[in-house]
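Asks: The sequence and its predicted three-dimensional model are supplied below.
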Amino acid sequence: MRTYDFSPLWRSTIGFDRLFDLAEMAQRAGEDNYPPYNIERLSEDRYQISLAVAGFAPNEIAITAEQNVITIEGCKSEKAEHDFLYRGISTRSFKRQFNLADYVQVKSAAFDNGLLKIELVREIPEAMKPRRIAINGVSADNVQKLEAKAA
């Protein structure tokens, strides 16, 4: 496996700590691929994460959103001993984290046919959206309105 040494960049940059942390976390995240998941863009500002959590009940899964990170944890409670001849469905405990961009919020989570679906929406505050500034001395009829489009 290939690792990268970011120490020369740490010495010559200021304020890019989060970027380097994201790169390191992405490198470590490639090691474990359980449970499998999809990340889908539903529209320009809507996303959905789908995790395949077959064998887990909704009360065995915890979703936590704090700052720019969403954490999904699953802990299977083994109540009864089973005598498996073959066990192909993994129900081991897991912890999966996703880093979210600024202004991306978790809107909802649903459990559907063994898939945990988490809907995310980017909501940019009005103060951060582009706005048209009127120029003094120009009539309002000549100023075209700028569509408020999220970046």
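Replies: Arrived safely.

Asks: Render the CA-only coordinates of stretch 69-82 in PDB, please.
Replies: Extracted C-alpha coordinates of stretch 69-82, given in PDB (Å, rounded to 0.1, in the frame of the first residue of the first chain):
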ATOM      1  CA  VAL A  69     -19.000  14.600   9.600                       C
ATOM      2  CA  ILE A  70     -21.700  12.000   9.600                       C
ATOM      3  CA  THR A  71     -21.100   8.800  11.400                       C
ATOM      4  CA  ILE A  72     -23.100   5.600  10.900                       C
ATOM      5  CA  GLU A  73     -22.500   2.800  13.500                       C
ATOM      6  CA  GLY A  74     -24.100  -0.600  13.600                       C
ATOM      7  CA  CYS A  75     -23.900  -3.100  16.400                       C
ATOM      8  CA  LYS A  76     -25.600  -6.400  16.000                       C
ATOM      9  CA  SER A  77     -26.800  -8.000  19.200                       C
ATOM     10  CA  GLU A  78     -26.500 -11.800  19.100                       C
ATOM     11  CA  LYS A  79     -29.300 -13.000  21.300                       C
ATOM     12  CA  ALA A  80     -29.400 -16.600  20.300                       C
ATOM     13  CA  GLU A  81     -26.700 -19.000  19.200                       C
ATOM     14  CA  HIS A  82     -27.200 -20.300  15.800                       C
END
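
Asks: So which residues make contact with it?
Replies: With contact meaning C-beta atoms under 8 Å, 6 or more residues apart in numbering, stretch 69-82 is reached by 35, 49, 51, 53, 55-56, 60-65, 91-100, 106, 116, 118, 120. (Each C-beta comes from the backbone N, C-alpha and C, glycine too.)

Asks: Please identify the buried residues of that stretch?
Replies: Within stretch 69-82, the residues that qualify as buried are 70, 72, 74, 76, counting by 16 or more other C-beta atoms under 10 Å.

Asks: Would you report which members of these are assigned to strands?
Replies: Those of those mapping onto strands are 70, 72, 74, per DSSP state E.

Asks: Sounds good, over and out.
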